[in-house]
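Chemist: Here you go, sequence then predicted model.
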Amino acid sequence: MLGRLNHVAIAVPDLSIATASYRDQLGARVSQPQPLPEHGVTVVFVELPNSKVELLEPLGENSPIAAFLAKSPDGGMHHICYEVEDILAARDQLVATGARVLGSGEPKIGAHGKPVLFLHPKDFFGTLIELEQV
Ligand SMILES: CC[C@H](C(=O)O)C(=O)SCCNC(=O)CCNC(=O)[C@H](O)C(C)(C)COP(=O)(O)OP(=O)(O)OC[C@H]1O[C@@H](n2cnc3c(N)ncnc32)[C@H](O)[C@@H]1OP(=O)(O)O
Ligand SMILES: [Co+2]
């Protein structure tokens, strides 16, 4: 089911500080901030030769990363995103094995303009998984 690693996401309390750190200290190419109100986050992508790192800052009152940052105020690794060819087939196969798909269970459009779904971290060894159809 799984294809390439699309990105690893890090939740941060201040996106401008995190962006400056990746750009100026680590010498990485970093995209412009992209507000995603439907997802309750603003994101920046760090472009690596073989993958991406997504930096996430809460946006709005009901951000899904607010509780995470309350527990880890300095930030931390938030999720890992794998590519799949057919997100509905992947979802149905996972649900049949008892995995919990978060939210309504229907894919939403993510930061890359592609359908995404999230899987509960308790079902995957404490790691929140995002699936992105490519
Ligand atoms: C899609 C746009 C963009 C993109 O790439 O295109 C993004 O990636 S946006 C990313 C932000 N969106 C999401 O994270 C959506 C899915 N997330 C959720 O639905 C919630 O955050 C959820 C269900 C993972 C956690 O919800 P909530 O914070 O309300 O619940 P709890 O704090 O009670 O957590 C329950 C339990 O899970 C543990 N937990 C929570 N988040 C994580 C995490 N990121 N990694 C590992 N574990 C996590 C939390 O510690 C609780 O455990 P417990 O033992 O009960 O304390
Ligand atoms: Co993501």
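Modeler: Now that the structure is in, tell me what you want to look at. Ligands and ions are numbered 1, 2, ... in the order given.

Chemist: For the chain, which segments are assigned as strands?
Modeler: Counting by DSSP state E, the chain forms strands over residues 5-11, 29-30, 34-36, 41-47, 52-58, 76-84, 108-109, 115-119, 128-133, given from the N-terminal end onward.

Chemist: Figure out which of those is closest to Gly98.
Modeler: Counting by Cβ to Cβ, Gly98 lies closest to strand 115-119 out of the strands of the chain; the figure is 11.3 Å. (Each C-beta comes from the backbone N, C-alpha and C, glycine too.)

Chemist: How far off centre is that closest one?
Modeler: How far strand 115-119 lies from its chain's middle: 9 Å, per Cα atoms, centre = their mean, to the nearest Å.

Chemist: Also stretch 127-134?
Modeler: Relative to its chain's centre, stretch 127-134 lies at 7 Å (Cα atoms, centre = their mean).

Chemist: Send me that stretch as PDB with only the CA atoms.
Modeler: The C-alpha atoms that make up stretch 127-134 are tabulated as PDB, following Å, rounded to 0.1, in the frame of the first residue of the first chain:
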ATOM      1  CA  THR A 127       2.900   7.800  15.400                       C
ATOM      2  CA  LEU A 128       0.200   9.900  13.700                       C
ATOM      3  CA  ILE A 129       0.200   8.800  10.000                       C
ATOM      4  CA  GLU A 130      -1.000  11.000   7.100                       C
ATOM      5  CA  LEU A 131      -1.700   9.300   3.800                       C
ATOM      6  CA  GLU A 132      -1.500  11.400   0.600                       C
ATOM      7  CA  GLN A 133      -2.700  10.200  -2.800                       C
ATOM      8  CA  VAL A 134      -0.200  11.100  -5.500                       C
END
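
Chemist: buried set for it?
Modeler: Neighbour counts using 16 or more other Cβ atoms under 10 Å place Leu128, Ile129, Glu130, Leu131, Glu132, Gln133 of stretch 127-134 among the buried residues.

Chemist: picking that back up, comparing the strands of the chain, which stretch has the densest surroundings?
Modeler: Comparing those on average neighbours per residue, with mean count of other Cβ atoms under 10 Å, the densest one is strand 52-58 at a mean of 23.
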